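Below is the sequence, then the predicted model.
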Amino acid sequence: MNNQNEQSKVSTQVFNGVELSIIKGSKDVFISYKRENAEYVARLFAELKEHDIDAWFDLNELHQDVGKEYTERIHKGIDNSEYFLLIYTKEVEESDFIIKEELGHAVEKKKTILFYPKDDIEINKSKLKDYVGKIQWLDTEATAIHQHDTQESIVDEKRMEELSALINEKHGKSAFEDQSLFLIRIALQRLLGRITVFGNYKKLCGTGTNEFFNHEQFNICVINKGLFVDVPGRYRDKLEKLKFFRKDKVQEVEQHLDKMKPEKDELMQQFKQFLVCQDKYRLSNIHEQLKEYLDVDKYKSIKLPELQEFNVESFIYIVSEMVACTFIADLEAGKTMFNGAELGVYSITDTRTPNSEEHCVDMQLYYSDYFTFKCMTEMYHILCSIDEKPFIINKTQDIRPLAPFLCSLGLGGFLAAYINGKPSLMWTKRSGNISSGDIWHFSYDETVSLLMDGTKDSENRLIVDENGNVHIDINNILFRALKEEVGVTQAKVEKYCHGLFEVGIIKSERLEIELISQAVLHLQDNPTPQEQIKEMHDSANDSYLEIAKVQFFSLRNRNELIGHLLTPESYAIYTRMQDRLVDNVGRNVKLGSNILLEDGSFVDDGVKIGDNCRIHRNVYIGKNVKIGNNVKIQNNNSIYEGVTLDNGVFIGTNVSFINDRYPRSILRDGRQVGSGDWEMEETKVCHGASIGAGAVIMCGVTIGKWAMVAAGSVVLEDVPDGAMVAGNPAKIIKQGIKY
């Protein structure tokens, strides 16, 4: 909501617990209804407000006499709303005011009329029959069963309700008390282009557009500290039989930990101190909340101590029992999981190098395991349902106090594919077998692994440095994630368009640090891009476990995402990708930051372009061309292979660069000229030089620093530094120019 709208609210009123504003100013939708349905519309208003849809609904108007002033105010409300929504009930038929002064005025003003029939309507007998061609009917519960997209949205919404209930019980009050509220809201979201996201994601540090962290800028190491919550003894045998402790997966880690003997007390003591320092996390509050959480069948074997016997150790132990029971239930239901090693985030230090805007990031990790991760996540749920405020993270300095809750580190990102010159992002709907399941997400998402991502020696042993640290290989995480989840090998990924570029914090049903990356590939025309990705995806090791559905959505058409429930990190990075990827580029193109590439232009394979370049309409840049920083290329140019433009070069409109001195279409024997039948001569335009509109530049010449070629000139020979040339053929008309 903009500041103007905020300032327009002069007072508020409360109706059935819903705060309603007395409104002036523009709104997303004007709600037309009869006063008998005010309670229903108040709930609809709350549902729309929860999802950032600004509705015109002023309850006070219902208690005023219908007169000129009232009618004018209603008309103004309709005029200042983008959409007009009529909630039809049988009472509407009895209201000439609604039909004539509200609906009639909206039609006159050419508003989009949305019509929700809360009651059945016989349109041929209704007073609305004259407007039937002007209204857009919304899905009802009866008609929604025939709409695949709406049904998928309903499934997503129910999943969001389940996840919300994990961390805040009040969020469990859902639109599904009356599904019509949700159906109206999702229709408005689609029309307004609003995206549905569960949870929050915040960027903590990152690089600029088209830039990636390198190994010198981003250092990840595992320090010799650990956090472990023991599996309760009385559940170990059951979990052992269900193969929760898979020796083939943990033996090497256990050997490493036996050798390192990480310090285990600091992080556990830090967690206990965290509870003590938060007033709302008093043991009595935690004890009361545990009663609610334990009131389910799978926890019936767990006994909660009386309050006088309850302490922090009791809290940790009860939660470990809850997690053990959950694992047993999931394993018995056929889900795949085991107690693998995890790496938690101990601290993140983000600094800038001297005289540079580049980020230098040091990330320290600690040892943990999957069981501990789930225990800390469950404690996060319980504590958040009491008070969420202590878990606010806005910057890297906020990480250290919450380190015990961050005992897993993920790397995710988008695989982008160029389809007909336009970038599309591969979205995946996560499997119900995993955390954040049944939600649309990145193309790939992997947990950082000590064994698979730690640097190793020639004998495949983890390298431990003199400080007892193990370093993590950034590129290894990325390409492992691509191979295991998507089936894309490193050889298929664009050379200059992959890497880690951001670090953020996810706060949804879990609290987790995520390393954000991207990878780009170009697909062939045949078979279809979807078929090519399916073939790669089917070969991926983990795809059948973690991904239920794969879909390419255009980067430029956000409406394709409307109605899908998205993870917060995926939507945030989707918005970043708008600036990181440009249309109409070939393979292995290296683009600098802050580049303008206007419509109708194409950058061919192997081109390198520096920072702050402006490439205007209908420009073709040929294969392997090199362009420096701060270059400006005006409309209608072809910069062919063999041309190099140094920093600060200006190219006017309709300049012709030639790269073949003796061009032919065919040879004397009738064959078409191929790549080996002609000789390319290189052309160089040096630092700061300018070439005027309509000039022709013969191949093999060099245009010197700060030289200037007049409009329409034909350049057949080298141009000295600082010289101005003009004519056909071009001759020097001035030396040592100062502009």
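Nice, I can see it.

Neighbours of residue 261, how many?
10 (other Cβ atoms under 10 Å). Where you see a C-beta, it was placed from the backbone N, CA and C, and this is true even at glycine.

Run a quick neighbour tally on residue 75.
Residue 75: 16 neighbours (other Cβ under 10 Å).

host element of the closest residue in space to it that isn't next to it in sequence?
Spatial nearest neighbour of residue 75, chain neighbours left out: residue 105 (5.3 Å); criterion: Cβ to Cβ, 6 or more residues apart in numbering. With elements taken from DSSP states H and E, the one containing residue 105 is helix 104-108.

contacting residues for the residue nearest to residue 75?
Residue 105 sits next to 74-75, 78 when contact means Cβ atoms under 8 Å, 6 or more residues apart in numbering.

pLDDT weak spots in the stretch 501-650 of the chain?
By pLDDT under 70, the low-scoring segments of the stretch 501-650 of the chain are 525, 539-547, 563.

now residue 195: how far from residue 561?
6 Å (Cβ to Cβ, to the nearest Å).

Neighbour count: the two, which is higher?
residue 561 (22 against 18).

Is that one in contact with residue 567, as I believe?
No - with contact defined as Cβ atoms under 8 Å, residue 561 does not reach residue 567; the gap is 11.9 Å.

shared neighbours of these two, anything?
residue 440.

Off-centre distance for the helix holding residue 105?
Offset of helix 104-108 from its chain centre (Cα atoms, centre = their mean, to the nearest Å): 40 Å.

Check which element follows that helix along the chain.
Immediately after helix 104-108, counting by DSSP H and E, sits strand 112-117.

Quick one: list the elements packing against that following strand.
Other helices and strands packing on strand 112-117, by 3 or more Cβ pairs under 8 Å, 6 or more residues apart in numbering; DSSP states H and E, are strand 81-88, strand 135-137, helix 179-192.

looking just at contacts, which helices and strands does the next helix or strand along the chain from the last one meet?
Counting by DSSP H and E, the next helix or strand C-terminal to helix 179-192 is strand 196-197. Packing contacts for strand 196-197, counted by 3+ Cβ pairs under 8 Å, 6+ apart, involve helix 148-167, strand 565-566.

mean pLDDT for the ones you listed: which is lowest?
Ranked on mean pLDDT, the bottom entry among the helices and strands packed on strand 196-197 is helix 148-167, at a mean of 56.

Just confirm residue 674 is within a strand.
No - read with DSSP: H, G, I helix; E, B strand; the rest coil, residue 674 is coil and lies in no strand.

Quick check: phi and psi on it?
Listed backbone geometry of residue 674 is phi -110, psi -180, with angles given as degrees, to the nearest 10.

wait, residue 364 sits on residue 347?
Yes - here residue 364 reaches residue 347: they are 4.8 Å apart, a contact under Cβ under 8 Å.

between the two, who's got more neighbours?
Remark: of residue 364 and residue 347, residue 364 carries more neighbours, 20 against 16, as counted by other Cβ under 10 Å.

Pretty sure that one sits in a strand.
Yes - assessed by three-state DSSP, residue 364 belongs to a strand.

what's near enough to touch it?
Neighbours of residue 364 in contact, by Cβ under 8 Å, 6+ apart: 221-223, 345-348.

who wins for neighbours among the residues you listed?
Counting neighbours by other Cβ under 10 Å, residue 222 leads those with 28 neighbours.

Next, the contact list for residue 113, please.
84, 86, 103, 106-107, 131, 134-136.

Need the residues that contact stretch 661-676.
With Cβ under 8 Å, 6+ apart, stretch 661-676 has contacts from 677-679, 681, 698-700.

hmm, 6 Å instead?
With contacts defined as Cβ atoms under 6 Å, 6 or more residues apart in numbering, stretch 661-676 is touched by residue 699.

Now do it: distance from first to last residue.
15 Å (Cα to Cα, to the nearest Å).
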